[in-house]
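Undergrad: starting from these lines, generate the structure:
(chains A and B)
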Amino acid sequence: MLLVEVKTLPGGFPVRCWNGSVTQDTVVGLRSEIFSLVPQYKSARALGAILVELLQNVFLHGRLLNECPEATVLLIEFSDSWFLSVTNITDMPTAVEVNRRVRNYNALSASELREKMKSKRKLPINPEKGTAGLGLLDIIRKSGHTLVCSTKPHENDLVLLEMQTTISKETYV
Amino acid sequence: MKDYILEATSSTPKVELKVSPAGMLLEGACYPENAVGFFGSIMDWLKEFTTEVRKPLEMNVRLEYFNTSSSKCLLDLFEAMEGYRAEGGEVVINWHYCEDDEDILESGEEFSEDLSVPFNLVSY
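TA: Predicted structure coming up:
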């Protein structure tokens, strides 16, 4: 098991955690694990998709460090929702840019998100900037909730970037 | 020109690109670490086919999941099919989706809105 249960919240809600360096094998393994942990197939499919976007587009393909042993994935199941948090180290300019995009995208309506994704999809992939925020849009759209983005100071001018999202169970019944 | 066949992996789909009978198939999950690299070979095959073979071509896409990087590459493939059609090629794209998977269906609808090639949404 990659996602290990580390504690149980009041009410019996399990907190599962993974910690290490993000590689493609990790992405595949964590997505696979979601399917074994989440019995509702449609919820698992959505959670798996959101997790892949978080890990790949935010952490593997940005100007972020690929070797970050501090990378953390946190999954909590509540009675009506799933909470997913991914943390990794990055440089401050990247964190500022991600925060700016997230703020802008969070403000979009469902139809605006749809149109934004369609227009972004037509842009060529930038080797340095990846898909230019397409993954962030996809996360917000699939989750149906705002994406919460925060930073904490780390050593050597780096910061810990945390992204949190919630997926309502009723969205994927 | 040769067929191009790839077996599926946990993060890449089965790929069958055949010259005779002509057809393209992508089936499975698609979230490679390097989507541009993965789709590059498929695009190369398609370019060669549309330049040298120029037969009617059917593309079947049956993906249970794809990431956003792959969605950009898929659009590039569809636009290449569109270009082939504009030059007189006969093409059809069949977008297969599981009947309870609204995300895959919606993605197919979004692709079809911006394309002029025959684009069929096929449930299974």
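
Undergrad: closest to the centroid, which residue in chain A?
TA: A:Leu54 (3.0 Å; CA atoms, centre = their mean).

Undergrad: so after the helix or strand hosting B:Phe111, what's the next helix or strand?
TA: Secondary-structure assignment from DSSP states H and E places B:Phe111 in helix B:102-113. Using DSSP H and E, the helix or strand that follows helix B:102-113 in sequence is strand B:119-123.

Undergrad: direction included, what does that next one pair up with?
TA: In the sheet, strand B:119-123 lines up against strand B:91-97 (parallel) (DSSP bridges).

Undergrad: what's in contact with the strand it pairs with?
TA: Contact with strand B:91-97 is made by B:56-62, B:78, B:81-82, B:84-85, B:104-105, B:108, B:111-112, B:115, B:117-124, as judged by CB atoms under 8 Å, 6 or more residues apart in numbering or on different chains. Bear in mind the C-beta positions are built from the backbone N, C-alpha and C, glycine included.

Undergrad: redo that, cut-off 6 Å
TA: With contact meaning CB atoms under 6 Å, 6 or more residues apart in numbering or on different chains, strand B:91-97 is reached by B:57-62, B:81, B:84-85, B:104-105, B:108, B:117-124.

Undergrad: same thing with stretch A:145-155?
TA: With contacts defined as CB under 6 Å, 6+ apart, stretch A:145-155 is touched by A:89, A:95, A:99, A:102, A:106, A:139-140, A:159-166.

Undergrad: now, which of those residues sits nearest chain B?
TA: The closest of these to chain B turns out to be A:Ile139 (CB to the nearest CB; 9.2 Å).

Undergrad: sorry, back to before: out of the contacts of stretch A:145-155, who's the most crowded?
TA: A:Ile139 (27 neighbours; other CB atoms under 10 Å in any protein chain shown).

Undergrad: that one is in contact with A:Glu53, isn't it?
TA: Yes - counting by CB atoms under 6 Å, A:Ile139 touches A:Glu53, with 5.1 Å between them.

Undergrad: got the residues of chain A near chain B?
TA: A:Gln24, A:Val28, A:Val52, A:Lys118, A:Arg121, A:Ile125, A:Thr131, A:Leu134, A:Gly135, A:Asp138 (CB under 6 Å from any CB of the partner chain).

Undergrad: now do the strands in chain B.
TA: With DSSP state E, the ranges of strands along chain B come out as B:4-6, B:14-18, B:23-30, B:57-66, B:91-97, B:119-123.

Undergrad: what's the average pLDDT for the fourth one?
TA: For strand B:57-66, the per-residue pLDDT values average out at 97.

Undergrad: okay, now residue 32: neighbour count?
TA: Looking at chain A here, since you left the chain open. So A:Ser32, with other CB under 10 Å, has 14 neighbours.

Undergrad: the chain in question should be chain B.
TA: By other CB under 10 Å, the residues close to B:Pro32 number 21.

Undergrad: show me what from chain B comes close to chain A.
TA: Counting by CB under 6 Å from any CB, chain B sits next to chain A at B:Ser10, B:Ser11, B:Tyr31, B:Glu33, B:Val36, B:Asn67, B:Thr68, B:Ser69, B:Ser71, B:Lys72, B:Leu75, B:Glu110.

Undergrad: where is pLDDT lowest across those?
TA: At the low end of pLDDT for those is B:Glu33, which has 87.

Undergrad: roughly how far does the closest residue to that residue other than its chain neighbours sit from B:Lys2?
TA: Sequence neighbours aside, A:Gln24 is the residue nearest to B:Glu33 in space, at 4.1 Å (criterion: CB to CB, 6 or more residues apart in numbering or on different chains). To B:Lys2, A:Gln24 is 28 Å away according to CB to CB, to the nearest Å.
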